[in-house]
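Q: Pasting the sequence and the predicted model now:
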Amino acid sequence: MNAYRSVERPTVFPLTEQDWERLIDLIPLDLESSARAEKALERRRKVQSAADLLRLVLEYALGDLSLRLTGAWATVMGIASMSDVAVLKRLRRCERWLAKLVGSMVGRRVRLGQRDVRLRLADATVVSRPGSQGTDWRTHLSLNLGLLSLDGIEITDARGAETFVRYAPQPGDILVGDGGYAYPSSLGAVLAADADLVVRIGWQNLRLEADGRRVDIIQWLRNLGAGPAEREVYLETPQGRFRLRLVACRIKQETADGIRRRLIRNARKKGKMVDGRTLFAAGFVVLISSLRAEDWTPEEIIDLYRIRWQVELLMKRLKSLLHLDQLRAQDPALAQVYSLGKMLGALLVDELTAQVAHRCPAWFQSVERPVSPWRLTAVLYDALRSWVRRLVTFDGVLAALPSLGRYLRDSPRRCPQQYALRLSPPPATNAPGAYGSLSQRVSGSILPQVPGSVARADGPDPRRARRQCTRL
């Protein structure tokens, strides 16, 4: 009897060009006509088609390659042989085209996701340029919880604030956001569109009125009981005056203590004192909502806000798997192309996720063993990058070597590299020790000398080498 259990091996499907064509079919716009309309592809001297140009953009963004390595990859793949400067100019011209492609995919999801009630979770994340310590860009996202996909994307500079206006609210929408969206013009845009909202607020950032006077939220919270409570309030916005529900509940004591310690620690770093009312309000969750009291209880409104954590998890997946926050470009136009390429990749992963959900619905409906969005995104994102990159063979690299010199070799430098290994061919003589042993060469015992430097037992004098570089 065989001691080993036979295991059925899965069928292995090699990469083909059909995978890339299937990926293009997920984009609703015609690539050729849209690229010409947005002037992303006018001259076809190097890049011959819009599909090749899109492949170049996705390899730069999803592969996290430098401009020079992107040019080397395009040369090996036979797409185009361009210098890094030529790749830069090509990518810069794709900003409007990529924005149009992303907008078309988002617009299709909005149309497909129209229902009686559509729950949309809004949030934003910070993206910084290499070496920056502050905020350079912001990526604003809206997650359609019913479809579990993105239905709103916008990339702004550091001055682009969080606002519901970016997501074009429609009747039947329920937009859920944190305190960053709690100001009159943002809330008024949702209410004027006959949509609903659930937003967390602070104790003083909104002027809420009742019976013609401003509501004292702190005093109302002091009289709050053990369970959730609500009251009717009014909010004046640029779009008009609206009636809202003020809902609040207490949070756990240990959670509140942790929030208070964090508030005190941050205030001390800035040399400030924390208002006692702020410390008191840290023990509550305070929300405003426009949902009808006949349909939604205070407990259900609080549960709706707790669901907002899903968009936070989405942000974590985009940052950890797609490296959304690791911006590689300093140039503003190139940074936009890089971010839009990442967003297009995220939308394509969502489309692939929808196909998986259609093929295996039990995975998404199971309560005991639900599918892990993180692991599923990791697998699909790796597959997406494979379809974009294709298979790079060693024979293909060898065949392209005559054209790869300008990508793989360093540019001329004013100061020569003094401690680089000497990789020139060995001398004709067979005398032993002409170049020393390989271990000696690698360890640095035998190194190229700068003209005029004095050889020492432990190598060239670094101070003299630096002075020689200055003269050169």
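A: Arrived safely.
Q: Do you have the strands of the stretch 151-300 of the chain handy? List them.
A: 173-177, 196-200, 208-210, 213-214, 229-237, 240-250, 284-289 (DSSP state E, counting those that start in this stretch).
Q: and stretch 207-225, how far out from the chain's middle?
A: 40 Å (CA atoms, centre = their mean, to the nearest Å).
Q: And for stretch 304-317?
A: Distance of stretch 304-317 from its chain centroid, counting by CA atoms, centre = their mean, is 15 Å.
Q: before we move on, what about stretch 263-275?
A: On CA atoms, centre = their mean, the centre of stretch 263-275 falls 31 Å from that of its chain.
Q: can you pull the buried residues of it?
A: In terms of neighbour count (16 or more other CB atoms under 10 Å), stretch 263-275 has no buried residues at all. Bear in mind the C-beta positions are built from the backbone N, C-alpha and C, glycine included.
Q: Same check on stretch 324-333?
A: Buried, per 16+ other CB under 10 Å, within stretch 324-333: L324, D325, L327, R328, A329.
Q: Which residues does it contact?
A: 64, 66, 88, 92, 95, 125-130, 136-137, 139, 157, 318-319, 335, 337-339, 342, 346 (CB atoms under 8 Å, 6 or more residues apart in numbering).
Q: any chance of the buried residues of stretch 324-333 in JSON lines, with distance to G212 and secondary structure too?
A: Formatted as JSON lines, these follow (distance: CB to CB, whole Å; DSSP: H, G, I helix; E, B strand; the rest coil):
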{"residue": "L324", "distance to G212": "47", "secondary structure": "coil"}
{"residue": "D325", "distance to G212": "47", "secondary structure": "coil"}
{"residue": "L327", "distance to G212": "50", "secondary structure": "coil"}
{"residue": "R328", "distance to G212": "56", "secondary structure": "coil"}
{"residue": "A329", "distance to G212": "54", "secondary structure": "coil"}
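Q: and stretch 362-371, C-alpha only, in CSV?
A: What follows is stretch 362-371, C-alpha atoms only, in CSV (Å, rounded to 0.1, in the frame of the first residue of the first chain):
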residue,chain,number,x,y,z
ALA,A,362,-20.1,30.9,-1.2
TRP,A,363,-16.8,32.4,-0.2
PHE,A,364,-18.2,35.8,0.2
GLN,A,365,-21.4,34.6,1.9
SER,A,366,-19.9,32.3,4.5
VAL,A,367,-19.9,33.4,8.1
GLU,A,368,-17.6,30.7,9.5
ARG,A,369,-14.9,30.9,6.8
PRO,A,370,-15.3,34.1,4.8
VAL,A,371,-12.8,35.1,2.2
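Q: Would you map the helices across the stretch 51-200 of the chain?
A: Taking DSSP state H, counting those that start in this stretch, the helices of the stretch 51-200 of the chain run over residues 67-77, 84-92, 95-112, 184-192.
Q: Give me the spatial nearest neighbour of A354, chain neighbours excluded.
A: Spatially, and ignoring its direct neighbours in sequence, A354 is nearest to S149 (6.8 Å; CB to CB, 6 or more residues apart in numbering).
Q: before we move on, back to that, nearest to E351, of the buried residues of stretch 324-333?
A: Using CB to CB, the shortest approach to E351 within the buried residues of stretch 324-333 belongs to L324, at 17.8 Å.
Q: Against which helices or strands is the helix or strand encompassing T377 packed?
A: Element membership for T377 (DSSP states H and E) is helix 373-389. Contact here means 3 or more CB pairs under 8 Å, 6 or more residues apart in numbering; DSSP states H and E; on that basis helix 373-389 packs against helix 17-25, helix 50-62, helix 309-320, helix 332-359.
Q: Go through stretch 240-255 and flag the buried ones.
A: By neighbour count on 16+ other CB under 10 Å, the buried set for stretch 240-255 is F242, L244, R245, L246, V247, A248, C249, R250.
Q: possible to save the residues you listed as CSV with pLDDT?
A: Formatted as CSV, those follow (pLDDT from 0 to 100):
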residue, pLDDT
F242, 94
L244, 94
R245, 94
L246, 94
V247, 94
A248, 93
C249, 92
R250, 91
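Q: Show me the residue sitting in the middle of this protein in space.
A: In the chain, the centroid-proximal residue (CA atoms, centre = their mean) is L324; its distance is 2.5 Å.
Q: could you measure it against L58, distance?
A: 15 Å (CB to CB, to the nearest Å).
Q: Check L344 too.
A: Distance, L344 to L58, by CB to CB: 7 Å.
Q: Please apply the same query to I155.
A: As judged by CB to CB, I155 and L58 stand 17 Å apart.
Q: between those two, which one's more packed in?
A: Shown here are I155 and L58; by other CB atoms under 10 Å, L58 has more neighbours (23 against 20).
Q: How about the more buried one, nearest residue that isn't a chain neighbour?
A: Counting by CB to CB, 6+ apart, the residue nearest L58 is V388, at 4.7 Å.
Q: surely the one you found meets G63?
A: Yes. Counting by CB atoms under 8 Å, V388 touches G63, with 7.4 Å between them.
Q: With neighbour numbers in mind, choose between those two.
A: Comparing V388 with G63 by other CB under 10 Å, the one with more neighbours is V388, at 21 against 15.
Q: Contact partners for that one?
A: W20, L23, R55, L58, E59, L62, G63.
Q: Just the buried ones from those residues, in ChimeraX syntax?
A: A single ChimeraX command selects the buried members of those (16+ other CB under 10 Å):
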select :20,23,55,58,59,62
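Q: Just give me the closest of the contacts of V388 to A210.
A: Closest approach to A210 among the contacts of V388 (CB to CB): L62, at 52.0 Å.
Q: domain parsing for this structure?
A: 116-328, 416-472 (automatic domain parsing).
Q: Give me the residue ranges of the stretch 301-450 of the chain where confidence is low.
A: Applying pLDDT under 70 to the stretch 301-450 of the chain picks out residues 416-450.
Q: Likewise for the stretch 1-150 of the chain?
A: Short version for the stretch 1-150 of the chain, where the test is pLDDT under 70: 1-16, 108-117, 147-148.
Q: Check the gap between the closest residue to D19 other than its chain neighbours and H358 for me.
A: With sequence-adjacent residues excluded and distances taken as CB to CB, 6+ apart, D19 is closest to W387, at 4.4 Å. Distance of W387 to H358, given as CB to CB: 19 Å.
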